[in-house]
Each structure stands twice: as C-alpha cells, then as structure tokens.
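# dropping the sequence and predicted coords here.
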Amino acid sequence: MRGRKAGVGRASRAAGAVSGPTPIASAISSAVSSTLPTPLSSAYPSTYASEAEYDIDEEIEKLPLDALSLESATPEKPKPKRIKQRPFRFLDLPSELRLKVYEYHFANTGHVLDLDPDNYKRVHQKLRILRTCRTIYVEASYSFYSTHPVRVFPTHPGRFFKTKKPLLARLKPGQRACISSLELRLGPGWSKPPRGWEVNPALGLNECVNVTKLTVFVECDPGNDIFKGFRQPGGFFEAFAKRLLTGVLGEMPWVERVEFDAWPSVKKSGALMTGLIDLVTSRSLKITWGSERGWTDAEEVEPPPIIHNYAPLDSLLNATNNILVLA
C-alpha cells in the first residue's frame with residue numbers, strides 16, 4: 001500500500017506540473033506595483049506629445065519670423081544718414097602748394113626724359129593728371145617739363161636709337177616752351193652715328209625758348225688708344241661731335257651755360273673734350289662741370305699708372321739703374 005501511494009503521489013505531482021504553473025509573477029507584480037513606478041506614472045516623462053503641446057507648436061508656426069528673433073525685443077536704432085563727400089577743392093590752394101604737389105607727383109619719373117620702353121610705366125601713367133582740366137594741364141605740364149631735362153638724341157639701344165624722330169621732335173610746341181634744360185649725349189654710335197642724329201628744324205630747338213642750360217655728357221672718347229683699329233680715321237667722331245654742338249647752340253642763342261660731364265675713362269685733355277671746350281669758350285658761354293666726372297676749372301691731374309702683379313717684367317725695372325727687383 002505504501003509503495004502504491006508513493007507512486008500515485010509522484011504521478012500526481014508530475015501531472016500537476018504539466019497542467020499549469022503557479023502564478024508567482026502575478027503575485028510579485030501585484031505586490032511590487034504599489035512601490036515601483038510604472039511607465040504611465042508621473043515619475044517617467046512621456047515621449048508622446050499631448051494635445052496641449054500640439055497646440056503650442058501650431059501657435060509658434062503661426063508667428064512671423066521677425067517675432068522669433070532676439071533683436072525684435074530691442075528697439076531698432078535709426079540708420080545714420082549717409083553724408084555725401086565733396087571733392088577736395090584743390091584749385092583753392094595757393095599756387096606754391098599746388099606746384100609742390102606736382103613735384104611729389106612726378107618724383108619717380110626719372111632724371112632725364114628720353115625715348116625708352118619703360119616710359120609707359122614711369123611717365124605715361126603719371127601724365128594722366130593733365131586730363132583733369134585746363135588749369136591743371138598748364139600748371140602740371142610746366143612743373144614736369146621745367147624740372148626734367150630732355151635728351152636731344154635718343155641713346156637707348158634698339159629701334160629708338162635709330163629713329164628719325166627723337167623725343168624732342170614729338171613734343172608739342174607748348175611743351176617744348178616749358179623745357180629749361182637739354183642734354184646732348186655723345187659716345188653712342190661713335191663708329192657709325194645714326195642718320196637721325198642731325199640738327200634740323202624738325203627738332204624744334206627754336207621753340208625751346210626757356211632753355212638756359214645745355215648738358216654735354218661724353219660717354220667715351222674714340223681718340224683713346226683703346227679704340228685704335230676700330231675707330232674711323234682722321235678725327236671723324238671729334239668733327240661729328242663739334243658739328244652737333246655747333247648746330248644745337250646755333251638754334252638756341254639764348255643758352256647761358258654749358259655743363260660738361262663724362263664717364264671716368266674720358267680725359268679732359270683729350271682731343272674730343274679739348275675741341276668741345278674751345279667751341280663753347282669761343283661763344284663766351286659759361287662753363288660748368290658735372291658731378292659724375294668731378295672736373296674743375298683747374299688742369300686735370302693725371303693719376304699715376306698702376307702696376308699690377310701680372311704686368312710685364314719690363315715695367316718692374318728701375319728707370320735709374322735698370323736693376324731688376326724680385327720679391
């Protein structure tokens with residue numbers, strides 16, 4: 001009997017386990033639900049928008065964009081009135097100040113005016129001021145041409161050197177009348193001068209009525225021994241230079257002084273300089289000297305010859321006793 005009851009008990013427990021578990025979870029949830037918050041309680045915020053929130057969004061969408069900016073809360077400041085700037089009354093300045101302004105304006109245009117490829121960069125753009133009005137044209141052109149010497153014949157290598165129309169011939173008569181100084185440069189083309197280097201009425205020298213100074217700058221003297229074998233014989237360039245200077249001075253008899261200057265290789269006692277100085281002296285004109293060569297009215301002092309280490313041995317011999325000195 002006992003074994004039979006035990007088997008029945010085990011079978012009943014097994015059958016009870018299959019039929020359904022004891023509802024423990026429901027019991028625990030009912031016991032804990034009173035102490036833990038649920039998703040529907042106020043302790044957890046809801047992720048779903050309520051009807052009141054939908055109403056606020058609709059009201060915000062109805063507002064204009066100006067009402068949403070922070071600047072709308074502050075009153076708008078009145079915009080300052082734009083003051084129209086008046087041009088500077090340049091012509092009301094005294095004439096002395098206007099000439100000083102022109103001097104600063106033409107400061108970087110070079111010392112001597114000549115035909116040069118860089119004239120567009122240095123000179124042409126500066127001359128735009130002449131298109132302002134007639135008064136400024138007269139004043140600025142006088143300030144420009146009276147303070148810049150003009151070269152009689154071009155010396156820049158290339159097409160300008162061989163042109164038949166130098167810069168002086170391309171200027172207007174009013175511009176030539178403002179020139180106060182000219183420069184005659186001698187030396188380029190010493191073996192065969194260009195055909196355009198000729199004093200004729202086309203140059204307009206007779207219209208340069210305010211020129212009082214003529215600068216004669218000698219770049220080289222073909223009479224030097226270094227040109228032997230390359231120069232034309234018979235003193236060709238000396239006669240050519242004197243003919244040019246005679247023609248320039250003949251067209252402008254009102255010139256008061258002639259300034260001579262040269263490169264260091266040119267000697268004052270050479271045939272070229274001697275002939276030019278005698279020509280100016282015969283016309284009773286004042287002679288001055290430029291700063292490049294440093295000549296004065298005194299006689300030129302010949303520097304002593306410099307003996308180099310690579311000189312021939314004959315130059316190292318003593319002239320008195322012909323003793324060879326070896327270091």
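Received it, and whenever you're ready, just let me know what you need. Numbers count the residues shown, from 1 in each chain.
# in this structure, mark out all the helices, start to finish.
2-19, 24-32, 51-62, 65-68, 95-105, 119, 134-147, 167-170, 173-178, 236-251, 271-282 (DSSP state H).
# the inter-axis angle of the last one versus helix 236-251?
Yep, that's helix 271-282 we're talking about. On the basis of axes from the mean of the first three to the mean of the last three CA atoms, to 10 degrees, helix 271-282 is oriented at 20 degrees to helix 236-251.
# contacts for helix 271-282 next, please.
186, 216, 218, 221-223, 235, 237-238, 241-242, 245-246, 249, 258, 260, 262, 266-268, 287 (CB atoms under 8 Å, 6 or more residues apart in numbering). Bear in mind the C-beta positions are built from the backbone N, C-alpha and C, glycine included.
# pLDDT averaged over it - what is it?
The average of the pLDDT scores along helix 271-282 is 95.
# what do you get for the fourth one?
Mean per-residue pLDDT for helix 65-68: 61.
# re the thing from before, and the contacts of helix 271-282, which of them are buried?
Taking 16 or more other CB atoms under 10 Å as the criterion, what is buried in the contacts of helix 271-282 is 186, 216, 218, 221-223, 237-238, 241-242, 245, 249, 258, 260, 262, 266-268.
# show me what contacts Trp263?
Counted by CB under 8 Å, 6+ apart, Trp263 has contacts 187, 218-220, 292-293.
# kindly apply the preceding question to Gly174 instead.
Gly174 makes contact with Ser141, according to CB under 8 Å, 6+ apart.
# next one: Asn210
146, 177-180.
# kindly report the same for Gly196.
Applying CB under 8 Å, 6+ apart to Gly196 gives the contacts 153, 162-166.
# again, but for Leu182
149-152, 168, 208, 211, 213-215, 248.
# so what sits opposite it in the bridge?
Val150, Leu214 (DSSP bridges).
# and it, how close does it get to Leu167?
Leu182 sits 11 Å away from Leu167, going by CB to CB, to the nearest Å.
# re the thing from before, among the contacts of Trp263, which lie within strands?
The members of the contacts of Trp263 that map onto strands under DSSP state E are Val218.
# could you identify which of the contacts of Trp263 has the most neighbours?
Within the contacts of Trp263, most neighbours by other CB atoms under 10 Å means Val218, with 23 neighbours.
# confidence score at the residue lying closest to it once chain neighbours are set aside?
Excluding the flanking residues, the one nearest Val218 by CB to CB, 6 or more residues apart in numbering is Ala262, at 4.1 Å. Per-residue pLDDT puts Ala262 at 95.
# list the contacts for Ala262?
217-219, 221, 273, 290, 292-293, 295.
# distance to Val138 for the residues you listed - can I get that in CSV?
Formatted as CSV, the contacts of Ala262 follow (distance: CB to CB, whole Å):
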residue, distance to Val138
Phe217, 31
Val218, 36
Glu219, 36
Asp221, 43
Met273, 40
Gly290, 32
Glu292, 34
Arg293, 38
Trp295, 39
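# just the CA coordinates for stretch 253-270, please, in PDB.
Below are the C-alpha coordinates for stretch 253-270, written out as PDB (Å, rounded to 0.1, in the frame of the first residue of the first chain):
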ATOM      1  CA  PRO A 253      71.500 131.500 -79.000                       C
ATOM      2  CA  TRP A 254      69.800 132.300 -75.600                       C
ATOM      3  CA  VAL A 255      71.600 129.500 -73.800                       C
ATOM      4  CA  GLU A 256      73.600 130.900 -70.900                       C
ATOM      5  CA  ARG A 257      75.800 128.000 -69.700                       C
ATOM      6  CA  VAL A 258      77.100 124.600 -70.800                       C
ATOM      7  CA  GLU A 259      77.800 121.800 -68.400                       C
ATOM      8  CA  PHE A 260      80.400 119.200 -69.300                       C
ATOM      9  CA  ASP A 261      80.400 115.700 -67.700                       C
ATOM     10  CA  ALA A 262      81.700 112.300 -68.700                       C
ATOM     11  CA  TRP A 263      82.500 108.800 -67.600                       C
ATOM     12  CA  PRO A 264      85.800 108.100 -65.800                       C
ATOM     13  CA  SER A 265      87.500 106.800 -68.900                       C
ATOM     14  CA  VAL A 266      87.200 110.200 -70.700                       C
ATOM     15  CA  LYS A 267      90.100 112.600 -70.300                       C
ATOM     16  CA  LYS A 268      89.700 116.300 -70.200                       C
ATOM     17  CA  SER A 269      93.000 116.800 -72.100                       C
ATOM     18  CA  GLY A 270      91.800 114.500 -75.000                       C
END
